[in-house]
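> Sequence and computational prediction follow.
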Amino acid sequence: MYTYTREQINYDTWYSSWMKQLALNYTLAELERKLTDNRKRVGGEAASHLRAIEASGSMSSQSQRKAQSRNVLVATGDEMIALNGAIEIYELFPEHTKGAQVIS
């Protein structure tokens, strides 16, 4: 998935706060399941967006439908990026994951 090592990146600056929170709040199996679910959904969301575009006869026609379908597609893509980052944290920085958190 990635071509760099732990020594080549800085955990504090490389990953977004969303990625860090996902890694802390979910197990690796849960993250992978969420990513799989998003991959399944994204095809349908893209098709829905394309249908909204095709149904419009002008730039303003179906504008709300196009905007909503685009927003859902973008949000799903953003979540997939965050999930991939969280999974990468598990692989490169396991001490910053849910599995490494010890109750004191």
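Nice, thanks for sending it over. Numbering: from 1, shown residues only.
> going forward, measure contacts and count neighbours with C-alpha atoms only.
Will do.
> other SSEs contacting the helix or strand containing residue 86?
According to DSSP states H and E, residue 86 maps onto helix 63-92. Applying 3 or more C-alpha pairs under 8 Å, 6 or more residues apart in numbering; DSSP states H and E, one finds that helix 63-92 contacts helix 17-25, helix 28-55.
> What is the neighbour count of the closest residue to residue 34 other than its chain neighbours?
Spatial nearest neighbour of residue 34, excluding adjacent residues (C-alpha to C-alpha, 6 or more residues apart in numbering): residue 83 at 7.7 Å. Residue neighbour count, defined by other C-alpha atoms under 10 Å, stands at 24 for residue 83.
> re the thing from before, let me have the helices and strands packed on helix 63-92 in a markdown table, adding mean neighbour count, mean pLDDT and distance to residue 96 as columns.
Shown next, in a markdown table, are the helices and strands packed on helix 63-92 (neighbours: other C-alpha atoms under 10 Å; pLDDT from 0 to 100; distance: least, C-alpha to C-alpha, whole Å):
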| stretch | mean neighbour count | mean pLDDT | distance to residue 96 |
| --- | --- | --- | --- |
| helix 17-25 | 19 | 97 | 7 |
| helix 28-55 | 15 | 87 | 12 |
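> Compare the ones you listed and give me the one nearest residue 64.
Closest to residue 64 of these is helix 28-55 (C-alpha to C-alpha; 9.3 Å).
> before we move on, back to that, centre of the chain versus the helix holding residue 86, how much separation?
With C-alpha atoms, centre = their mean, to the nearest Å as the basis, helix 63-92 stands 4 Å off its chain's centre.
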